[in-house]
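# Everything below, folded, please.
(one chain, ligands or ions: 1)
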Amino acid sequence: MSEGMKTQVGLSKSFQDYFLIGAAVNHRTIVSQSELLRQHYNSITAENEMKFESLHPEENGYAFEQADRIAGFARDNGMKLRGHTLVWHNQTPSWVFEDGNGGLAGRELLLARMKSHIETVVERYKDIIYCWDVVNEAVTDSGEESLRPSKWLHGIGEDYIEQAFRFAHEADPKALLFYNDYNECNPGKREKIYSLAKSLLENGTPIHGIGLQAHWSLYDPALDLIREAIERYASLGLKLQVTEMDVSVFAFDDKRTDLTEPTAEMMRLQEERFKQFFDLFREYKDVLTSVTFWGAADDYTWLDHFPVRGRKNWPLLFDTNQQPKTVIQLLMGQ
Ligand code: GLA
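Numbering: from 1, shown residues only. Model prediction:
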């Protein structure tokens, strides 16, 4: 892409009347992508550094260094910071669920641990984190059951979600509190997420928004399903944020490993998709307050390893040289 792009205003600037433009970062990319981040993004999310296992590996020991560095990067550059994530079935150390005597922690112990973790973490970053993904991925993808079987659910019971939101609200009454999930546009799962959020609202739980992870691809989900999901969630009166967007160039069941760069057709389709997504997002600017990508440029993406080990993917708006893909011009030209 031309040098000329560098002198233009950043992506986030051109969307300033619509929503924040964010990227997930880690302790390496805040260095390797710092210039790009500063130019084009006005919000960041820690990819892993604020998860339970990163911050709180042992019961009596927190490890804040890497998370602090990310918070510092946001402060130094006047960026917004999304907190990700307080309660999740993944990336949570096993000590949380154990009683120390070879058995499982009971409800009261688990709730006490959840509360103390949430208080410590939320209070530490309350000057810079304006919103938290309080609970991540609590809903099942398919089947009759609504809540995913997890150690949190088994140990505490169905109210673990509500409790997490209450603890977070107590720790920082100003923070906006989100429920965050993937496959969020799939109609079956969408209805489960909708019902969960609705029941939380009905019993007075301090929930302010729903995070649509948006791990999408060239093929899925269809645009009308995205619109339906936005409409449905917004009908609850909650704010929405796109929290982890990437647009894989491979269909989910495509296992090809032969490409060293994306095909022209893939880039054409991706451009079309990004254009459609942003046209749609703009329509919903009153409810959609932030669009965060799960990475800043194709030189680093978690999809290089998932779901096909070692296969490169090109799911973001900037290429492997951190240069804007052509779609950026279309998006910024609005
Ligand atoms: C989920 C989580 C993220 C991240 C991605 C994969 O979407 O919410 O924190 O782990 O999976 O990278």
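# quick one: Gly237 from the ligand, how far?
24 Å (Cβ to the nearest ligand atom, to the nearest Å). To be clear about C-beta, it is placed using only N, CA and C from the backbone, and glycine gets the same treatment.
# Tell me which residues touch that residue, please.
Neighbouring residues of Gly237 by Cβ atoms under 8 Å, 6 or more residues apart in numbering: Leu201.
# Please shift the residue numbers so they start at 49 in all later answers.
Fine by me, first position is 49 from now on; the one you just mentioned is Gly285.
# Please, which helix or strand holds it?
Following DSSP states H and E, one finds Gly285 outside all helices and strands.
# Close to the ligand: what parts of the stretch 249-382 of the chain are there?
Residues of the stretch 249-382 of the chain that fall close to the ligand, judged by Cβ under 6 Å from any ligand atom: Gln261, Glu292, Trp350.
# Sorry, wrong one. I was asking about the stretch 99-248 of the chain.
Residues of the stretch 99-248 of the chain lying near the ligand by Cβ under 6 Å from any ligand atom: His132, Asn184, Tyr230.
# In strands only, show me those residues.
Using DSSP state E, the members of those that fall within strands are His132, Asn184.
# hang on, the earlier thing: between the residues of the stretch 249-382 of the chain next to the ligand, which is closest to the ligand?
When those are ranked by distance to the ligand (Cβ to the nearest ligand atom), Trp350 comes first, at 3.9 Å.
# Name the nearest residue to the closest one, ignoring sequence neighbours.
Trp342 (6.7 Å; Cβ to Cβ, 6 or more residues apart in numbering).
# close enough to count as contact, that neighbour and Val295?
No - in this structure, Trp342 is not within contact of Val295 by Cβ atoms under 8 Å, at 10.2 Å.
# the more surrounded of the two?
Higher neighbour count among Trp342 and Val295: Val295, with 25 against 21, using other Cβ atoms under 10 Å.
# per-residue confidence for that one?
For Val295, the model assigns a pLDDT of 98.
# Same question for Ser91.
pLDDT, Ser91: 98.
# Next, the contact list for it, please.
Going by Cβ under 8 Å, 6+ apart, the list of residues near Ser91 reads Ser60, Leu68, Ile69, Gly70, Ala71, Met127, Lys128, Leu129, Arg130, Ser338, Thr340.
# Which ones among these map onto strands?
Those of the contacts of Ser91 mapping onto strands are Leu68, Ile69, Gly70, Ala71, Lys128, Leu129, Arg130, Ser338, Thr340, per DSSP E.
# give the contact list for the last one.
Residues in contact with Thr340 (Cβ under 8 Å, 6+ apart) are 68-72, 91, 93, 130, 289-293.
# With the ligand as the reference, measure out to it.
Using Cβ to the nearest ligand atom, we find Thr340 at a distance of 11 Å from the ligand.
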